[in-house]
Structures are given as C-alpha cells and as structure tokens.
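Undergrad: Sequence plus the predicted model coming up.
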Amino acid sequence: MSDVDLKTLEGVGPAMASKLRSSGLTTINALAVTPPKEIAEKTGIGFNTVLKIVATARESMGVDFITAEELWKRRQHMLKCSLGSTFLNELLGGGIETQAMTEFIGEYGVGKTQLCLMLCVTAQLPVEKAGLDGNVVYIDTEGTFMPERVFEIAMAMDLDPHKTLSNIFLARAYNSSHQSLLIDGLFKFCPENNIKLVVVDSMIGHFRGEYVGRETLSERQQKLNSLLHKLLRLTEAYNLPVVVTNQVQANPAQFFGDPNRPAGGHVMAHACTHRVFLRKGRQGTRIAKVIDSPYLPENSARFKITEKGIEDVQD
Ligand code: GTP
Ligand code: MG
C-alpha cells in the first residue's frame, strides 16, 4: 500500500520511492513527519529535493493546519490496549493508548518488565477484546524478556502460546547506538509486519551506563531526545502505542517524600505522553500512579503480578 502511496506523490518517481522505502520511509505520513535533514542523510537524496517532497507530502496530508474537528476525528481512531487489570486500565483511561508514548518508571523488581510482557499478549487480542489486533516489537536492552513467562500468560488466557510467541519480534540491543539503529529500522519494519505495539525495555539503561560523568550529560540527553522523538513519530505514523521503561535514581537533595525520581531528566519527562510511576505496596501488591499526563488525572491503582500475568487486587 505504502509504495503506491509514495509514488502517487508529485515529484517522486519509482527510483526515489524505492530509495525512500529502503530507508524505512514507506508512507506519505512518515515522510511528512520526519525531519528533512534526517531523510536526506538516510536516503542520499539531495536536501533541496527532500524539502520539496516533504512539503508536497505535508500538503497532501494537510498536516500543516488541521481543524480541531479533524484532530478530534483522528483521535477517534485511537485504540486502547488492556493491561489485564480493570483498575489499571481505568487509571489509564481505558488502557495503553495508541498515538502516544507511555512510560513505566520504578525501582528494580517492581514489575515494569512484567507489565510489558503482559502487553505483548494482550496487544494481539482483537480490538473487541481490548487488544490491538496485531504483532509486537520488543527491544530488550537488558536481556530480561522471558518467553516462558509469555507462554504462561498466553496459556492462562486460553491462547495458543506458540502462536503468541511467533507474533513477537524481539531485538536484543547491545548498546545505545545499536538501540538507535533498531529504532530507526522500525519505520520500515512496523508497517511490513503488522506491528501494533512497540516496547523498549529499558529506554535509558544503556545511556546511563555509557555516558557517565557530567561532561557527557548534554550529549547523552541530545541523543536520547532525538530517539524519543523518533518513537513519538512512530506512534502517530502507524497509530500504535510505544511503551518504554525507565529506572529511578536517588536524589540525595530530597529530604521529604520519595527520594527516588525518574532517570532521564526533562528529556524523558517531556517526550513521554503518559508517565506511570510504580512502587511496591502491601502484601506483594503493586501501586501504579499517573504522574504526568496531558489529560489523565493523577490517580493511583493497585494491581498484582500473578502466574496469569497482571490482575486486580480484590479488597
Ligand atoms: P528491573 O528490570 O530490574 O528494573 O525490574 P522490573 O521492574 O522490570 O521488574 P520485573 O517486571 O522483572 O518484576 C519482577 C517481579 O515480578 C518479581 O520480583 C516477582 O515479584 C514478579 N513476578 C515475576 N514473574 C512472576 C510470576 O510468574 N508469578 C508471580 N506471582 N510473580 C512474578
Ligand atoms: Mg525489567
């Protein structure tokens, strides 16, 4: 579909369409939202030509100005993916949203990866069952993706566990530049493989490990920022949710309240649409709190991690 789309664009011949396609720019939408400089670098097409085709792409999509009514309509196509717990879904306004990036933040062992694994299964459910009716990409930076766990969750949901596992495309990112490369590739991979959910677990681990010391901070933040914005563009280009995990770091200057704050500073805070802070509660339960969102209230919900995946806590 996308190929035909591109070629229908004025000024894009078959050769150029093929260059764009092989750089992961497979739709007019992707062309319209990607910075021209990046397109020129990726494809080798001259910058002025890129400016022209990007302008045409934007015009044909009407992305420069849309009415609020059109935005409302676009958002009607937003889907919400269930997390398996009614309270958690309610907290997030129905589930994990497409066209948005959701961040799970919390200390080790709190359940960030478990939530992501649960989503790998629920995202494959049909839309009527609060799924996204598609496949999943999982970028694993820590080597903690557990197929056995997905198998177990799929079994508990009466799904074919082998089929469920076959629909999850895993990539183990070995360092931050590998992680960037993998994320770049998603603009091509997602439409070609019916990907409806992208997980990056964890978004920031490699960056924290590789850029140590104050003098490297601004470079790290710039790279992280550009990567996060690519992921945001991906959510809009293909109507899918991106879910990222993030660790907490101790803030020694904090005397009151929780001394742990999300890593990644303002860059993470601004890029993520919904931020969900997780902590351990009584008797092995977990508490999720929305800490930053354009329209979700700052509420909390309790859930538990069980052999079935994620479940409600019944009081
Ligand atoms: P880091 O990646 O280390 O930062 O932690 P995380 O937040 O990703 O933690 P993770 O999702 O790996 O959560 C691990 C916790 O989930 C364990 O401590 C267990 O409490 C729970 N858990 C994992 N698997 C199961 C399971 O099969 N059954 C039950 N009941 N709990 C599980
Ligand atoms: Mg984890």
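TA: Great, that's in hand. Ligands and ions are numbered 1, 2, ... in the order given.
Undergrad: which stretches of the protein form strands?
TA: 80-81, 96-97, 100-105, 135-140, 168-172, 195-201, 241-246, 248-250, 260-262, 274-280, 286-292, 300-306, 309-312 (DSSP state E).
Undergrad: for the ones you listed, which one ends up most surrounded?
TA: Ranked by mean neighbour count under mean count of other Cβ atoms under 10 Å, the strands of the chain are led by strand 241-246, which reaches a mean of 28. C-beta: built from backbone N, CA, C; applies to glycine.
Undergrad: Show me what that one pairs with in its sheet, parallel or antiparallel.
TA: strand 100-105 (parallel), strand 195-201 (parallel) (DSSP bridges).
Undergrad: and the angle for it with strand 274-280?
TA: Using axes from the mean of the first three to the mean of the last three Cα atoms, to 10 degrees, the direction of strand 241-246 lies 50 degrees away from that of strand 274-280.
Undergrad: Which of the strands paired with strand 241-246 sits closest to ligand 2?
TA: strand 195-201 (5.8 Å; Cβ to the ion).
Undergrad: ok, back up a step: tell me which of the strands paired with strand 241-246 approaches residue 172 most closely.
TA: Across the strands paired with strand 241-246, residue 172 has its closest neighbour in strand 195-201 (10.9 Å, Cβ to Cβ).
Undergrad: Output that closest one as PDB, nothing but the C-alphas.
TA: Extracted C-alpha coordinates of strand 195-201, given in PDB (Å, rounded to 0.1, in the frame of the first residue of the first chain):
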ATOM      1  CA  ILE A 195       3.200  -4.300  14.300                       C
ATOM      2  CA  LYS A 196       0.700  -2.700  16.700                       C
ATOM      3  CA  LEU A 197       2.800  -2.300  19.800                       C
ATOM      4  CA  VAL A 198       6.400  -1.300  20.300                       C
ATOM      5  CA  VAL A 199       8.100  -1.900  23.700                       C
ATOM      6  CA  VAL A 200      11.600  -0.600  24.600                       C
ATOM      7  CA  ASP A 201      12.700  -2.200  27.900                       C
END
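Undergrad: burial measure for the residue in the stretch 1-150 of the chain positioned nearest to ligand 2, as a count.
TA: Per Cβ to the ion, residue 113 is where the stretch 1-150 of the chain lies closest to ligand 2, at 3.2 Å. By the criterion of other Cβ atoms under 10 Å, residue 113 has 21 neighbours.
Undergrad: What pLDDT is listed against the closest residue to it other than its chain neighbours?
TA: Leaving out its chain neighbours, the residue that sits closest to residue 113 by Cβ to Cβ, 6 or more residues apart in numbering is residue 144, at 5.2 Å. With respect to pLDDT, residue 144 scores 97.
Undergrad: hang on, residue 144 packs against residue 201?
TA: Yes: between residue 144 and residue 201 there is a contact under Cβ atoms under 8 Å: 7.0 Å.
Undergrad: Please enumerate the shared neighbours of these two.
TA: Residues touching both residue 144 and residue 201 by Cβ atoms under 8 Å, 6 or more residues apart in numbering: residue 113.
Undergrad: Ligand 1 versus the residue positioned nearest the centre of the chain, what's the distance?
TA: Central residue of the chain (Cα atoms, centre = their mean): residue 242, 1.4 Å from the mean position. For residue 242, the distance to ligand 1 equals 17 Å [Cβ to the nearest ligand atom, to the nearest Å].
Undergrad: all helices for the stretch 151-300 of the chain, in order.
TA: Assigned by DSSP state H, counting those that start in this stretch, the stretch 151-300 of the chain shows helices spanning 161-166, 176-192, 205-210, 217-237, 265-271.
Undergrad: how about those in CSV, adding mean neighbour count, mean pLDDT and distance to residue 308?
TA: Output for the helices of the stretch 151-300 of the chain, formatted as CSV (neighbours: other Cβ atoms under 10 Å; pLDDT from 0 to 100; distance: least, Cβ to Cβ, whole Å):
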stretch, mean neighbour count, mean pLDDT, distance to residue 308
helix 161-166, 14, 98, 13
helix 176-192, 18, 94, 29
helix 205-210, 17, 94, 28
helix 217-237, 18, 93, 28
helix 265-271, 16, 92, 31
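Undergrad: now those as JSON lines including distance to ligand 2?
TA: Compiled in JSON lines, the helices of the stretch 151-300 of the chain are given as follows (distance: least, Cβ to the ion, whole Å):
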{"stretch": "helix 161-166", "distance to ligand 2": "19"}
{"stretch": "helix 176-192", "distance to ligand 2": "15"}
{"stretch": "helix 205-210", "distance to ligand 2": "9"}
{"stretch": "helix 217-237", "distance to ligand 2": "18"}
{"stretch": "helix 265-271", "distance to ligand 2": "16"}
